[in-house]
Structures are given as structure tokens and as C-alpha cells.
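the following block contains a protein sequence and its predicted model.
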Amino acid sequence: MSKLIAVAAVVTIAASFAYAEEKKAESATDESAVAKTEAPADKKSAKLAAAEAKAALEKQIAENPEKVDWSKINWRERLTRMQYHIMREAGTERPHQNKYWDHFKDGQYRCAGCGLPLFESTSKFDSECGWPSFDKTIAKDTVKEQVDHKIGYARTEIRCRRCDAHLGHVFNDGPTATGQRYCMNSASMKFLNTNQLAVEIKTAKKSKPPKSEATGEKPKVETTEKPAPSTTDAKE
């Protein structure tokens, strides 16, 4: 009798263990299913958040680039491979094999990274060096200079004042009255022709708020008051 009781006890324990393992497996399957359901949702949400952040950044760049923290920009995503090598790694493109070395249309040259105006087309000249050359910048604070010893001797490197992109070098052997030759990389710049500049100015004027709206002042409402009747016109 005692043997039967012992066997029954063993069977009961085994059944309980099997039931516990079965429930554990079911629970793990349910958790896995939930995880698989949540993962795509989380991935979609992260992708949407990234797209919204990118759109917000582009809007800020378009509206007020001076307030953008350019040190936090993902330049590998924003620039081409060639642009990244030149602008972020201080590389140099080949002479006579770049976009603007023999380009002399009217317009304006800007930083390819942040859009900062760099040179007017009127300051460009043919230096016969194979790179686009200018005799002066569009404004005094457009670029910043620093000493570069990369090829064994000192040169003056030119970088964008706003986004710190490498643009090229400046030399004191220019043929014009300024005596300067800004030797730039085409990949570091983008060109806007006169038509594009005109459209840009027109668009900026349209988007500019009225003076009263910008200053917070209430617009003046003109009132027309009827003049008081003259005493001489009154009947006696």
C-alpha cells in the first residue's frame, strides 16, 4: 500500500512539474508575440520622430541658420562623400577637374554646408591654377583664417565662419588691387544665379511679417471725424 502511495506521489509531482513547464512555455510564447508586435510599432515611432526632427531642423536652417548648432549636424548624411572629405576632413579636389574652376556666370557663391554667402561673382578671376579663385570675400566676417602646416610649410587656411567647413586657402599673390587670391574648392560651395537670387529676395519679402506684427504694436486705425458745423452757417 505504501508503495502505491509513493508511486502516486511521484506521478503527481511529475504531472505538476510538467504542467508548470507547459505554463512557462506558454508565457514565453505570449511574451515573444507581444515583443514582436511592439517592435515594429517602436521602430515606426522612432522613424517618425527622426523624420519630424529632420523637418524641424531644415525649417530652422531655412528661417534662421545663425541659431542652428552646426556642431551637432550629421554631416555624413547631409554632404556627398566628396564634400565630406573636403569640408570636414580638409581634403583638396583635383585642379581643372572641379565644377567652378572655369565658371564665370553672374551670381553668388555660398557655403555648401550652411548656405552662408561667401563670394560675389564679380570678385572671381581666372588665376590659371585650376581652382575657383576670388580676390575678396562678400563681407569681412564671412570666413575665418587659421595656419595650416599640412604640406610642410605654413599656409593660411580658410574656413566658413558659421559651420566651420574647410573651404580652401588664401594667398597674397592676387593680381587685383586687393593682392589676395582665395583659392577655393568647388565642392565646398554652391552657386546661385541672378534669377535664383531674385526669387529668394522676393520670397523673403513675402514671408516678412508687417512692421506692427513684428514689433507687437497695434496697427493704427484711421478715423474720419466730421468737422463741427460752422457758426456762420447756422440760421439766424
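Structure's in. What do you need?

three-state assignment of the nearest residue to Arg78 once chain neighbours are set aside?
Once flanking residues are discounted, Arg78 sits nearest to Gly113: 7.3 Å by Cβ to Cβ, 6 or more residues apart in numbering. Glycine gets a C-beta too; all of them are placed from N, C-alpha and C. The three-state label given to Gly113 by DSSP: H, G, I helix; E, B strand; the rest coil is coil.

confirm that Tyr109 sits in a strand.
Yes - assessed by three-state DSSP, Tyr109 belongs to a strand.

list the contacts of it.
Contacts for Tyr109 (Cβ atoms under 8 Å, 6 or more residues apart in numbering) come out as 100, 117-121, 124, 132, 134, 184, 189-191.

still on that earlier bit, would you mind measuring from the residue nearest to Arg78 to Phe171?
23 Å (Cβ to Cβ, to the nearest Å).

quick one, which of these two is more surrounded?
Per other Cβ atoms under 10 Å, whichever of Gly113 and Phe171 has more neighbours is Gly113, with 25 against 16.

mind checking pLDDT for the more buried one?
Note on Gly113: pLDDT of 97.

isn't it right up against His166?
No - Gly113 is beyond contact range of His166, at 9.7 Å (criterion: Cβ atoms under 8 Å).

what is in contact with those two at once?
Residues touching both Gly113 and His166 (Cβ under 8 Å, 6+ apart) are 87, 188.

nearest spatial neighbour of Lys105, chain-adjacent residues omitted?
Among residues not flanking Lys105 along the chain, Asn193 sits closest, at 6.0 Å (Cβ to Cβ, 6+ apart).

actually Asp102, not the one I typed
Asp126 is the one closest to Asp102 (Cβ to Cβ, 6+ apart), at 7.5 Å.

just Asp173 next, same as before
Nearest non-adjacent residue to Asp173, counting by Cβ to Cβ, 6+ apart: Arg181, 5.7 Å away.

equivalent analysis for Leu79, please.
Met87 (6.4 Å).

tell me how far that neighbour lies from Glu93.
11 Å.

these two touch, right, the residue nearest to Leu79 and Arg78?
No - counting by Cβ under 8 Å, Met87 stays clear of Arg78, with 9.9 Å between them.

show me which of those two is the more surrounded one.
Using other Cβ under 10 Å, the more surrounded residue of Met87 and Arg78 is Met87, with 27 against 16.

residue contacts, that one?
Counting by Cβ under 8 Å, 6+ apart, the residues that Met87 touches are 75, 79, 112-113, 165-167, 185, 187-188.

quickly list what's touching both of Met87 and Arg78.
Taking Cβ under 8 Å, 6+ apart as the contact rule, Met87 and Arg78 both touch Gly113.

so who does the residue lying closest to Trp75 once chain neighbours are set aside touch?
Spatially, and ignoring its direct neighbours in sequence, Trp75 is nearest to Arg88 (5.2 Å; Cβ to Cβ, 6+ apart). Neighbour list for Arg88: 75, 79, 165-166 [criterion: Cβ under 8 Å, 6+ apart].

show me where this protein dips below the pLDDT cut-off.
By pLDDT under 70, the low-scoring segments of the chain are 1-39, 209-236.

which residues do Met87 and Glu93 both contact?
In contact with both Met87 and Glu93: 185, 187, using Cβ under 8 Å, 6+ apart.

helix, strand or coil for the closest residue to Ser188 other than its chain neighbours?
Excluding its sequence neighbours, the residue lying closest to Ser188 (Cβ to Cβ, 6+ apart) is Leu167, at 4.6 Å. Following three-state DSSP, Leu167 is assigned to strand.

count of residues packed around Leu167?
29.

that one contacts Val143, correct?
Yes - with contact defined as Cβ under 8 Å, Leu167 and Val143 form a contacting pair (6.6 Å).

that concludes my questions; thank you for your assistance.
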